[in-house]
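*Asks:* Need a 3D model of the sequence below.
(2 chains)
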Amino acid sequence: MKKLPIVLLSVVLLTAGCRKPQTTTTITSDIPPVTTEGSVATTENVLRDFADVLVNPNYRDLQANALLLQQSVTTLGASRTDANLSAAQNAWRLTRAPWENCEAYLFGPVEDQSYDPTMDTWPLDRTQLDSLLASSNNLTLADIDALPDALKGFHAVEYMLFGLGGQQRADSISARDMAYMTSLTQSIANTTTTLRNSWDTTQPGNYTVAIKKAGAGSTIYTNRKAAIQAIVTAMANICSEVGTGKMEEPLGQNGHADSTLDESSFSHNSTTDFTNNIKGIKNVYFCTYNGVAGHSLHDLVAASNKSLDNQITNAIYDAVGSFNTISSHYEIAIYTQRTQIQAVQAKLATLQTLLEDDLNNWVIQNIHD
Amino acid sequence: MLQKYKSRTALVTASFAVLLLLTMCRKPDAFPSSGYDERLSGGVNTVFDATSHAFSNPYPGLDAAETALHDLGDSKFEATFVTAPAPVNSGLGPLYNNVSCASCHHNDANGEPTAGGPKSALLIRVSMPGQDEHGGPVPVPGFGLQIEDKAPIGKQPEATVDITYNYQTYSFPDGETYELRKPIFTLTNTYTGLPGGYLMSPRVPLPVMGLGMLEAVSENDILANADPDDKDQDGISGRANYVWDPDTKSTRLGRFGWKANVPSILAQVAGALSNDIGITSRLAPIETSYGQPQDDGLKDDPEMPDSVLNAIDFYIHTLSVPARRDVTDPQVVRGKTLFKAATCSRCHLETLSTATDVAFPAISNQRIHPYTDMLLHDMGGSLEDGRPDYLASGAEWRTPPLWGVGLYERVASPAHYMNDGRARTLMEAIMWHGGEAAGAKAYVTRLSKTDRDALIAFLKSL
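*Replies:* Below is the predicted model:
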């Protein structure tokens, strides 16, 4: 097992120190750590470890936490206490974290099968949600699955658990609200299970094979370069989405902030979401997850262009670390901490350029298998 | 000797004069085709991206302001619309087929050939026999020109679209079999009675990349390939459609859509926003539910500001085309030869050129390889929908561009082809061809397995 660099740990500590405390429950991975010490990174083992060390464990955590969320909602349904509500809210945050991490590689089944919009569509259609709750329509899992995406997934659960402005109270949750939430969380758990299985090597037609067999029989990736380009493109895309989409839209131009455009405002979780997206990029570049490390793009780039690797490494740490400067909830910070937000966006822009131009060009020019 | 020199000087002078005259009176001769790289399907607006996001790249040369506009259009193309009133992306429906542009144009390509589900992208156009005042299809009373199969909670969609397939197995002369599935579309659960004699046509989305360049091909260049009466008697006609443009309020050449029934990207965007998502705009200011019980009665039209409509229009105008791959692979080279020999290339024209556009240099004077003539062709009875659309008969369909077709499996998996997504593989798509393309299909049928594979390898290089 490769030792994580010290700087990474200190960044994690800093990040953890400046934000609201969070339970950092991690789900024990059921595969042994990959031993990489002494072996040289190749495109083959980089792709293998991307799947084994990062993607599969990340999706397993997502599914495990989604099941915990479902259980905590069941518990809340049995006894609508503030303590149970708080536990369910925490379970939502804990499910959100691995999901935001794995948004750094939104390709493959998550994209092809639209699992992303199925569980993470924004904005929520509150007009329809209110009519649904006011109606006598059935709210079984099958009914929920048939609903438009804007009435289900993370943000529907977030609205039900946290309420407007995070003001939800256990005693104001009705039986019908509970029925809706129960099916919503079942639906998320099912989607994450399908997503996990779509990469699981025990399942037929799994995507891990498509990645590992790139250039060696994969029907999707006729060479390894194509698979690595897919990974780099996905990293660049999430960087752009956070900097120029999720952060920029509520921030607005020329002081025209609009908190209704903030994605996770019910839970005040937006900045954590953003940070976890960019940590997802870090996970990919260094091929690390839950303290386990594999052969990485970082190894490949460092061996051929140390200067580029240093730039990318610094840009990743700078970007992840910069979120600490946003100390208010994001929907407040867009009015009160615009300078800090813009400074974070500048870091993300630097990282985005490095990923989408420099790293992509490096892949085009240096990977030949 | 001197004399000779003199005459030679005169000759040189004369040829200079001719050259000058030519320069003044005509465009310079085209750069020889051997000087181009055939991978550059979109000319300068080609990107070397074969990932699942290969259709989603902006033109490489956009400046900062253009990039900002492209990005705004991109975010609105992706945006999920919700029921009005809402602070963000308000105005979904009340009648609609899906909630965002991207839900049907997955990764700027196409979506699932199903109806009614969150990922569904197939829709049914309907009309009564006859023509409206502009020569277009006549709306069905109570339903309009499209079945909207979704409505907000508490309201009834216009109908449910049921799709079933008849499967039949065929074989090539060498014994290899293939299966074709023919879809049957039925409208059930209609909110009110459908009048007798209505016509219907199923449509799946087409990819949106490269359309800016197809819009920039001059009308003359498109019409130069038309042969409406088949004067050259090659069995292939090629007819132009002329359709109503809600922007210019005039009849213009149809360029886009399966029936060449849309004159411009802007008209396509406004039409899809209105018919598919239920978002009103300057060009379609009246809800499709108007006069029907599903209408919301809100005075919020147009729901989409012009600035956003224009941004989406610009976004689609500025999506690059992915470069071809493996162009020197001997199998691909062989496949391209067969593509021409089978006469596929008569309608799926390899090369078109964009006109000069001084206002938008990126789009100007590009040699592009869209593999379409943008014209209508009779595709035979198996594909006939029986619903005329302006000048397009029920059997006529516009040649769809093939650029990017080799990436459908990656960009919008699982891939499907043809106007209703009936073909699951490129070979099935070829085998559905008929009418003017019957000869091309017959040629492919007679090919050896090796050559059939080569033809598919060529298509996958696009």
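*Asks:* Whichever residue of the stretch 351-462 of chain B sits closest to chain A: how many residues sit nearby?
*Replies:* Residue of the stretch 351-462 of chain B nearest chain A, by C-beta to the nearest C-beta: residue B:413 (4.2 Å). No exception for glycine: its C-beta is placed from N, CA and C like everyone else's. Residues near residue B:413, counting by other C-beta atoms under 10 Å in any protein chain shown, number 18.
*Asks:* and if you look at residue B:208?
*Replies:* Using other C-beta under 10 Å, residue B:208 has 26 neighbouring residues.
*Asks:* ditto for residue A:256
*Replies:* Neighbours of residue A:256 (other C-beta under 10 Å): 8.
*Asks:* Residue B:156 too?
*Replies:* Residues near residue B:156, counting by other C-beta under 10 Å: 14.
*Asks:* Excluding covalently adjacent residues, which one is nearest to it?
*Replies:* In space, residue B:156 comes closest to residue B:191 once its chain neighbours are excluded; the distance is 4.4 Å by C-beta to C-beta, 6 or more residues apart in numbering or on different chains.
*Asks:* Work out for me the element residue B:103 sits within.
*Replies:* Element membership for residue B:103, per DSSP states H and E: helix B:101-104.
*Asks:* mean confidence for that helix?
*Replies:* Throughout helix B:101-104, pLDDT has a mean value of 95.
*Asks:* Repeat that for stretch B:228-235.
*Replies:* 90.
*Asks:* who touches it?
*Replies:* B:227, B:236-240, B:343, B:346, B:436, B:438-439 (C-beta atoms under 8 Å, 6 or more residues apart in numbering or on different chains).
*Asks:* next one: stretch A:126-144
*Replies:* Contacts of stretch A:126-144 (C-beta under 8 Å, 6+ apart): A:147-148, A:150-152, A:156, A:159, A:174, A:176-177, A:179-180, A:183-184, A:186-187, A:190, B:82-86, B:152-154.
*Asks:* Just give the number of residues close to residue B:386.
*Replies:* Residue B:386 has 11 nearby residues by other C-beta under 10 Å.
*Asks:* helix, strand or coil for it?
*Replies:* Secondary structure state of residue B:386, per DSSP: H, G, I helix; E, B strand; the rest coil, is coil.
*Asks:* just to revisit the earlier point, am I right that the residue nearest to residue B:156 falls within a strand?
*Replies:* No: using three-state DSSP, the secondary structure at residue B:191 is coil, not a strand.
*Asks:* so where's chain A shaky on pLDDT?
*Replies:* Low-confidence segments of chain A, defined by pLDDT under 70: A:1-38.
*Asks:* Show me which residues of it are close to chain B?
*Replies:* Proximity of chain A to chain B, by C-beta under 8 Å from any C-beta of the partner chain, involves residues A:107, A:111-112, A:114, A:117-118, A:121-128, A:131-132, A:135, A:137, A:148-150, A:219-220, A:226, A:229-230, A:233, A:237, A:244-245, A:249, A:258, A:260-261, A:364.
*Asks:* returning to what we had before: now the contacts of stretch B:228-235 as CSV including secondary structure?
*Replies:* Formatted as CSV, the contacts of stretch B:228-235 follow (three-state DSSP):
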residue, secondary structure
B:227, coil
B:236, coil
B:237, coil
B:238, coil
B:239, strand
B:240, coil
B:343, coil
B:346, helix
B:436, helix
B:438, helix
B:439, helix
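*Asks:* Need the buried ones from those selected in ChimeraX.
*Replies:* In ChimeraX, a selection of the buried entries from the contacts of stretch B:228-235 looks like this (16 or more other C-beta atoms under 10 Å in any protein chain shown):
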select /B:227,236,237,238,239,240,343,346,436,439
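*Asks:* which residues does the residue nearest to residue B:156 contact?
*Replies:* Contacts of residue B:191 (C-beta under 8 Å, 6+ apart): B:156-159, B:292-294.
*Asks:* Then residue B:320?
*Replies:* Residue B:320 touches B:42, B:45-47, B:57-60, B:209-210, counting by C-beta under 8 Å, 6+ apart.
*Asks:* do you know how far it is from residue B:33?
*Replies:* To residue B:33, residue B:320 is 22 Å away according to C-beta to C-beta, to the nearest Å.
*Asks:* for residue B:380, same thing?
*Replies:* 33 Å.
*Asks:* does the residue of the stretch 151-300 of chain A found nearest chain B count as helix, strand or coil?
*Replies:* Per C-beta to the nearest C-beta, residue A:260 is where the stretch 151-300 of chain A lies closest to chain B, at 3.8 Å. Going by three-state DSSP, the secondary structure assigned to residue A:260 is helix.
*Asks:* What sits closest to it if chain neighbours are left out?
*Replies:* Using C-beta to C-beta, 6+ apart, the closest residue to residue A:260 is residue B:87 (3.8 Å).
*Asks:* my read: that neighbour touches residue A:259, true?
*Replies:* No: using C-beta atoms under 8 Å, residue B:87 is not in contact with residue A:259; the gap is 9.3 Å.
*Asks:* Next SSE downstream of the strand or helix carrying residue A:87?
*Replies:* Using DSSP H and E, residue A:87 falls within helix A:82-102. Once the chain leaves helix A:82-102, the next helix or strand it forms, by DSSP H and E, is helix A:109-112.
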